[in-house]
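1. how does the following fold in three dimensions:
(one chain, ligands or ions: 1)
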Amino acid sequence: MSFRKDTYDAIVQAIAPQQATLVAVSKTKPLQDILDAYQHGVRDFGENYVQELVDKHASLPQDIRWHFIGHLQSNKVKYIAPFVHLIHGVDSEKLLLAIDKEGKKQNRIIQCLLQVHIAQEESKFGFDAQTLLDMLSKYNPVNLAEGTELKNVKIIGLMGMASFTTDESIIDKEFKTLKRIFDAAKTYQSSFCTMNVLSMGMSSDYSMALANGSNLIRVGSLLFGERTHSSS
Ligand SMILES: *Cc1c(COP(=O)(O)O)cnc(C)c1O
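-> Predicted coordinates:
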């Protein structure tokens, strides 16, 4: 299976009115598929596994914007900190602090999204709404002593994944919940946090996500074909 240009073009057209971003999720896919997409003009790619991302980054054009969309362990942040464009799945305070620390070492400000738990499944990672808002308040620079601010990590929005179900009413409800939390979080804007990016929607549900205010969709199988294996 290779990169489906026509599908890509159709989705780009569909999201243009909302000025949304399409991230091409290339996890488990070979370099050649990514290069085909790159030659077609794609620059935003999403990956889930640290080692796979590090290898691909080393082998592919340097102007690619790499989105880390998987579950990230604090002790692995250092491998992607030098180059990652956006980390979507920040789901703990510990991870946020680790990203700040590695950002400092790299002399960069690493952009992040906080992951919100909206699905019914226990297994999906993320904050509940109150914990998330409490954290935004805690790390708001106005509430911190000078010198203790997180200067090398910046939260620019939220990310969420709906339940794995064919019941669209459940997915719609979960997307509405995430949008509501996104709007609530806007009252915590600061130099540490701006709520600009709402990352929600994948191959099966991106239309519904856009209808509910998403401005970044993460699409894999529609663009590259079904994944036949997992790399981890
Ligand atoms: C794999 C993955 C996607 C893409 O899923 P598709 O159904 O193939 O579009 C999007 N977001 C996350 C977090 C993923 O892990």
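2. could you pull out the strands in the protein for me?
-> Shown for the chain, the strands assigned by DSSP state E span residues 21-25, 44-47, 65-68, 86-90, 110-116, 153-160, 193-199, 216-219.
3. got TSV for those strands, with mean pLDDT, distance to residue 53 and mean neighbour count too?
-> C-beta coordinates here come from the backbone N, C-alpha and C atoms, glycine included. Putting the strands of the chain into TSV (pLDDT from 0 to 100; distance: least, CB to CB, whole Å; neighbours: other CB atoms under 10 Å) gives the following:
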stretch	mean pLDDT	distance to residue 53	mean neighbour count
strand 21-25	98	12	23
strand 44-47	98	4	24
strand 65-68	98	6	22
strand 86-90	97	11	25
strand 110-116	98	14	25
strand 153-160	98	17	23
strand 193-199	97	17	22
strand 216-219	98	14	24
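4. can you redo these as CSV with distance to the ligand?
-> Conversion of those to CSV gives the following (distance: least, CB to the nearest ligand atom, whole Å):
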stretch, distance to the ligand
strand 21-25, 4
strand 44-47, 6
strand 65-68, 9
strand 86-90, 7
strand 110-116, 9
strand 153-160, 8
strand 193-199, 8
strand 216-219, 4
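5. could these go into TSV alongside distance to residue 2?
-> Written out in TSV, the entries for these read as follows (distance: least, CB to CB, whole Å):
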stretch	distance to residue 2
strand 21-25	12
strand 44-47	15
strand 65-68	20
strand 86-90	25
strand 110-116	29
strand 153-160	28
strand 193-199	26
strand 216-219	15
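6. distance of the spatially most central residue of the chain from residue 59?
-> Nearest to the geometric centre of the chain sits residue 88, at 2.7 Å (CA atoms, centre = their mean). Distance of residue 88 to residue 59, given as CB to CB, to the nearest Å: 22 Å.
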